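> Predicted model, plus sequence, below.
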Amino acid sequence: MRLQDIAMLSTRAFKTNPARTWLTIAGMGVGTGAVVTLVGLGFGLQNIILEQIVFGETLLSLSVNNPPSKAVQLTDRSIKEFAALPNVKDVTPLASFPALITIEGLSGNAFLQGAEPAFFRYSGATAVAGDLFLAGNEAKDKDGVILTKAVLKLFAINTPKDALGKMVNFRVFILKEGTDESEQVAIDKSYKVVGVTNEENFIAAIIPLSELQNHVQTKTYDKVQVRITKSDFLDPTQTEIVKKGYVVTALSKTVEQANKIFQGIQAVLAVFGGIALTVSAIGMFNTMTVTLLERTAEIGIMRTLGASSGDIQILFVAEAVIVGFLGGIMGILFGATIGFVLNSIMNVAASNFGGKSVSLFSFPLTFLTFIAVFSAIVGFLTGVFPARRAASLNPLDAIRYK
């Protein structure tokens, strides 16, 4: 049997029984749409959680902190030791002091930090307004300060852009050596806000490290970012630094664990969607069986005219695959439409209440392609048994069947 004949005969049900055929496709579409919607929700939640992470250098960096016991301290000597380790590309520290921050006559408690431009790249900080410090721009950056979003809440600044250009003053609290008492050191200089970072849980202002060291002596650091040359060397380098007594965390490990968790969530959601798809597949199997009974006499005629049992089997399988594939396409459109509508509703609500727009549903192209192929496979599996049964019919018995 020619391919053209198979295509024509396997699609004739769209003309002879259009209502039943499209209802079968719609049933498959509902099941597939449930899978698309639920798994799309899993992808959306994953993107929301991880969207703030800057991939690349951030995932090749180790964050080194002082241990709670203070048995060892991050110092300039520590930085040299880290830089001397194999496969370390760069090391950049962060100094931090409690401070009183004043903006337009209002004061509040915060941390004054000093950081180099590379620290932002390695730590994953991003600017929601203005710019972060840049390498080679030290002359301009020395008069600037970067605030976290948490500072804006402290001073009731509505939007990050409103903070740009404001002048900031500091009074730093420094512990007296050998005591638990602190003394205030006023920084006799005003700094202009040039940027706002995405940090919402830590009240801090950041100026260039060299600028901070011009006013305050920094014997120790709060954190050091160690940039590794390749991801293969993250674990060995982390082990070496931990041996020295420091606390080390790697964002890549956090991302890896988060992805595993979300894969589990997506699998659970897919199971719930798969239940609906299974019910749809059973309905499709029932339709194919009924089609076999209705076309028994037709099968007998085709066999007597020279069609082989293989041709009959291919005919039924092709019809099932087409119905399954179209059901998958309908399900993709169904699920994507639900996701788009709910995303739009949430974004409208977020904009009205001053929140941030998010995409709760996400549909990667690879996932949608998989769904389309998988739907065709489901169609194939539901059509195999009726196809074999049709191919095994005796031509004479089939002709006489009523």
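Arrived safely.
> Mind pulling up the pLDDT for residue 188?
At residue 188, the model reports a pLDDT of 87.
> no wait, residue 56
Reading off the per-residue confidence, residue 56 sits at a pLDDT of 56.
> just checking, residue 34 touches residue 276?
Yes - the pair residue 34 and residue 276 qualifies as a contact (C-beta atoms under 8 Å) at a distance of 4.0 Å. The C-beta positions use only the backbone N, C-alpha and C, and glycine is treated the same way.
> who has more neighbours, the two?
residue 34 (24 against 19; other C-beta atoms under 10 Å).
> Do me a favour and get the backbone dihedrals for the more buried one.
Main-chain torsions, residue 34, degrees, to the nearest 10: phi -60, psi -40.
> Please tell me how far it sits from residue 279.
Residue 34 sits at a distance of 10 Å from residue 279 (criterion: C-beta to C-beta, to the nearest Å).
> host element of residue 240?
Residue 240 belongs to helix 234-243 when elements are defined using DSSP states H and E.
> Which element is encountered next along the chain beyond that helix?
In the C-terminal direction, the helix or strand that comes right after helix 234-243 (DSSP H and E) is strand 247-250.
> can you list the domains in the protein?
Split into domains by automatic domain parsing, the chain comes to 3-53+257-400, 67-245.
> So which of those is nearest residue 60?
Evaluated over these, closeness to residue 60 peaks at domain 67-245, with 5.1 Å, by C-beta to C-beta.
> next one: stretch 272-289 to chain centre, how far?
With C-alpha atoms, centre = their mean, to the nearest Å as the basis, stretch 272-289 stands 31 Å off its chain's centre.
> can I get the CA coordinates of it in CSV?
Listed in CSV are the C-alpha atoms of stretch 272-289, where the atom choice follows Å, rounded to 0.1, in the frame of the first residue of the first chain:
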residue,chain,number,x,y,z
PHE,A,272,-0.9,14.2,38.8
GLY,A,273,-1.1,15.3,35.2
GLY,A,274,-0.3,11.8,34.0
ILE,A,275,-3.4,10.5,35.8
ALA,A,276,-5.6,12.7,33.5
LEU,A,277,-3.5,11.6,30.5
THR,A,278,-4.0,8.0,31.4
VAL,A,279,-7.8,8.4,31.5
SER,A,280,-7.6,10.2,28.1
ALA,A,281,-5.5,7.3,26.7
ILE,A,282,-8.1,4.7,27.9
GLY,A,283,-10.8,6.7,26.2
MET,A,284,-8.7,6.8,23.0
PHE,A,285,-8.1,3.0,23.2
ASN,A,286,-11.9,2.5,23.5
THR,A,287,-12.5,4.7,20.5
MET,A,288,-9.9,2.7,18.4
THR,A,289,-11.6,-0.5,19.4
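> got a list of contacts for that stretch?
Taking contacts as C-beta atoms under 8 Å, 6 or more residues apart in numbering, the residues outside stretch 272-289 that touch it are 20, 24, 27-32, 34-39, 316, 319-320, 323-324, 327, 378-379, 381-383, 385-386.
> With stretch 165-183 instead?
Outside stretch 165-183, the residues that touch it by C-beta under 8 Å, 6+ apart are 97-104, 112, 145, 147, 184-187, 189-193, 205, 215-216.
> Let me know whether residue 73 touches residue 220 as I believe.
Yes - at 4.6 Å, residue 73 and residue 220 qualify as touching, with contact defined as C-beta under 8 Å.
> intersection of neighbour lists for the two?
residue 66.
> Which secondary structure state does residue 99 sit in?
Of the three states, residue 99 takes strand according to DSSP: H, G, I helix; E, B strand; the rest coil.
> do the same with residue 95
Residue 95 carries the three-state label strand when classified by three-state DSSP.
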